[in-house]
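Trainee: got a structure for you, letters missing:
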């Protein structure tokens, strides 16, 4: 009986010690079935790790800490980066506005927009060149300064980029991106008369 008790006590010590250790690269799964009829819940290192909680010695916060890039408990295909700046759209006057007629002048910006796709194995970067043109004075919108033109261009290109398929080959991606930017200018600013080309 005493031997049986020692065996059980040893087993409990091993279980507690094992449950107190979490490898940062592991993803443990709660096999209890989750909540009601849901699937099992993935448990990553650092989850529930607090100074007054589940672990005698709290494991490190990685990889779920703020500076981490991915959670090993979530199947990660890729992370895309989309952030443009008005400075990437340097509009210059091509045709000055002579003040005649309902609309006048023309301005253009040649931009080389960078796209980044991050994966567990590394990242890839490519550039999509495009030229955006618009009147200096559209008929129904008043004067469009270079800074306003750049801000509108950021609004449109970011809106399109967020909905893009980053798995497309770069050439097809850029062609599709330019086509969608042209259509989105028409839907977001229907009275502007903007053009988009290579």
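Mentor: Nice, thanks for sending it over. Note that this is a predicted model, so its numbers are computed, not measured. Numbers count the residues shown, from 1 in each chain.

Trainee: Least confident secondary structure element in this protein?
Mentor: Ranked by mean pLDDT, DSSP states H and E, the helix or strand of the chain with the weakest confidence is strand 41-44, at a mean of 49.

Trainee: tell me which residues of the helix or strand following it are tucked away?
Mentor: Using DSSP states H and E, the next helix or strand after strand 41-44 towards the C-terminus is strand 79-81. Judged by neighbour count using 16 or more other C-beta atoms under 10 Å, the buried positions of strand 79-81 are residue 80. Quick note: C-beta positions are derived from backbone N, CA and C, even for glycine.

Trainee: pLDDT (mean, whole number) over strand 79-81?
Mentor: The average pLDDT within strand 79-81 is 82.

Trainee: For it, name the packing helices and strands.
Mentor: Using 3 or more C-beta pairs under 8 Å, 6 or more residues apart in numbering; DSSP states H and E, the elements in contact with strand 79-81 are strand 106-119.

Trainee: Direction included, what does the helix or strand that the strand it packs on is followed by pair against?
Mentor: Downstream of strand 106-119, the next assigned helix or strand under DSSP H and E is strand 122-134. Using DSSP bridges, the strands paired with strand 122-134 are strand 106-119 (antiparallel), strand 195-197 (antiparallel).

Trainee: between these, which one is nearest to residue 143?
Mentor: When the strands paired with strand 122-134 are compared by C-beta to C-beta, strand 106-119 sits nearest residue 143, at 10.9 Å.
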